[in-house]
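**Q** Return atomic coordinates for the entry below.
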Amino acid sequence: MGIQIGPIETRNRVFLAPMSGVTDEPFRAVAHQHGAGLVVSEMVASEELVNARPDMLRRALGAESLSPFVIQLAGREPHWMAEGARVAQDMGAEIIDINMGCPAREVTGGLSGSALMRNLDHAEKLIEATVQAASVPVTLKMRLGWDHNSLNAPELARRAEQQGIALVTVHGRTRCQFYGGKADWQAIAKVREAISIPLIANGDGASVEDAREMLAKSGADGVMIGRGAYGRPWWPGVIAEGLDPGSGATEPSLAEEARIVAEHHERILVAHGAHHGNRVARKHIGWAITRLAERNLITPEKASEWRAALLRTNDNAVVRDGLRQLFDTVQERAAA
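**A** Coordinates of the predicted model:
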């Protein structure tokens, strides 16, 4: 049961959210390989992409390993959004997503991301420019509004559909909430009433039960998983399988999980280089350790010991061996 985005149908209705510093090409490739319905790049600044800034070019990688290949663009000027869309297509983008949801101060301070929800006329101009420049479907990600005095997601979504947007994703918080409190899935239902194009609900989904509740309360067609995928990029595929058997992937065994974590580590080193990759991998390994502790497969004390052993070394061989030893220990304990 997929989602129709223009001429493209996704393989299921559980997507991986774009997350800066997290959903680089290695993370997206692993999530895609293990059943995510759609994976979206980290936020790419449109002007910097056009000017070939190396970090933005790196964020936009993945055309060779991912299909459909989605690049998310951010910006505040119609000209650069249009030019960015053209460059993204040249890099192989099959779908372009517009970011109007990022709450980070360094983004909103530059009048991008969710700051655009404070001026819907300007936001609409950005959407229009991007859609007109693109020959592929364009989607939009937003929040409920800037704050609770301006819950204007339904109006922005309505305008977006009129301008040719193919799908809308709504995070069930305002910008001023950042990631505090709990996402309001019920509030997303007002966006459902305003548009006829596909709607994706986002915010706090971490389980099959969450996904079912998100869909029921929001009326959305699908869900997007963000922080729930920390340390387990296979998780959107697992949730998809729980919602619609046969559409995603079953939860990996501990042996398979060990293999995936090791594979992800190697992908990071290849993509970022041995030195920088070592640092990039630390957060992912830390999250993987946390997930083991959450399932009582290791004690909190052992989790702290493993973090100290694996996250403070610059020697990637030590990390590889340590990951193998960690999962060997976990599997022995689980079998006991």
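
**Q** And the next helix or strand past the longest strand seen in the chain?
**A** Of all segments of type strand in the chain, defined using DSSP state E, the longest is strand 38-45. Going down the chain from strand 38-45, the next helix or strand is helix 46-50, by DSSP states H and E.

**Q** Who are the packing partners of that next one?
**A** Helices and strands touching helix 46-50, by 3 or more C-beta pairs under 8 Å, 6 or more residues apart in numbering; DSSP states H and E, are helix 54-59, strand 70-74, helix 78-90. Just so you know, the C-beta spots here come from the backbone N, C-alpha and C atoms, and that holds for glycine as well.

**Q** these two touch, right, residue 50 and residue 87?
**A** Yes - using C-beta atoms under 8 Å, residue 50 is in contact with residue 87, at 5.5 Å.

**Q** Name the residues that touch the longest strand of the chain?
**A** Residues outside strand 38-45 that contact it (C-beta atoms under 8 Å, 6 or more residues apart in numbering): 3, 5, 10, 15-24, 28, 31-32, 53, 56, 59-60, 62, 66, 68, 70-75, 84, 88, 95, 97, 99, 102, 107, 112-113.

**Q** domain parsing for the protein?
**A** Residue ranges for the domains of the chain, per automatic domain parsing: 4-243, 254-335.

**Q** From the chain's centroid, how far away is the last one?
**A** It refers to domain 254-335. 21 Å (C-alpha atoms, centre = their mean, to the nearest Å).

**Q** got it, and the longest one?
**A** Between the centre of domain 4-243 and the centre of its chain there are 8 Å (C-alpha atoms, centre = their mean).

**Q** Residue 65 should be in a helix, yeah?
**A** No - assignment of residue 65 by DSSP: H, G, I helix; E, B strand; the rest coil gives coil, placing it outside any helix.

**Q** That one and residue 147: what is the separation?
**A** According to C-beta to C-beta, to the nearest Å, residue 65 and residue 147 sit 39 Å apart.

**Q** follow-up on the earlier one: ok, the longest strand of the chain: who's next to it in the sheet?
**A** strand 14-16 (parallel), strand 70-74 (parallel) (DSSP bridges).

**Q** tilt between the last one and helix 78-90?
**A** Between strand 70-74 and helix 78-90, the angle formed by their directions is 160 degrees, by axes from the mean of the first three to the mean of the last three C-alpha atoms, to 10 degrees.

**Q** CA atoms only for strand 70-74, dumped as CSV, please.
**A** Output in CSV follows, covering the C-alpha atoms of strand 70-74 (Å, rounded to 0.1, in the frame of the first residue of the first chain):
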residue,chain,number,x,y,z
VAL,A,70,14.5,12.8,-3.0
ILE,A,71,16.4,16.0,-2.3
GLN,A,72,15.0,18.5,0.2
LEU,A,73,15.7,22.1,-0.6
ALA,A,74,15.6,25.1,1.8
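
**Q** Show me the contact partners of that strand.
**A** 18, 38-46, 49, 60, 81, 84-85, 88, 91, 93-99, 102, 107, 112-113, 130, 139, 141.

**Q** quick revisit: need the helices and strands packed on helix 46-50 in JSON lines with mean neighbour count, distance to residue 311 and mean pLDDT, can you?
**A** Compiled in JSON lines, these are given as follows (neighbours: other C-beta atoms under 10 Å; distance: least, C-beta to C-beta, whole Å; pLDDT from 0 to 100):
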{"stretch": "helix 54-59", "mean neighbour count": "16", "distance to residue 311": "23", "mean pLDDT": "93"}
{"stretch": "strand 70-74", "mean neighbour count": "28", "distance to residue 311": "28", "mean pLDDT": "97"}
{"stretch": "helix 78-90", "mean neighbour count": "21", "distance to residue 311": "34", "mean pLDDT": "97"}
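
**Q** Of the ones you listed, give the one that comes closest to residue 160.
**A** helix 78-90 (13.4 Å; C-beta to C-beta).

**Q** Which other helices and strands does the closest one contact?
**A** When contacts are defined as 3+ C-beta pairs under 8 Å, 6+ apart, helix 78-90 packs onto helix 46-50, strand 70-74, strand 95-100, helix 120-133.

**Q** now with 7 Å?
**A** helix 46-50, strand 70-74, helix 120-133 (3 or more C-beta pairs under 7 Å, 6 or more residues apart in numbering; DSSP states H and E).

**Q** No more questions from me, cheers.
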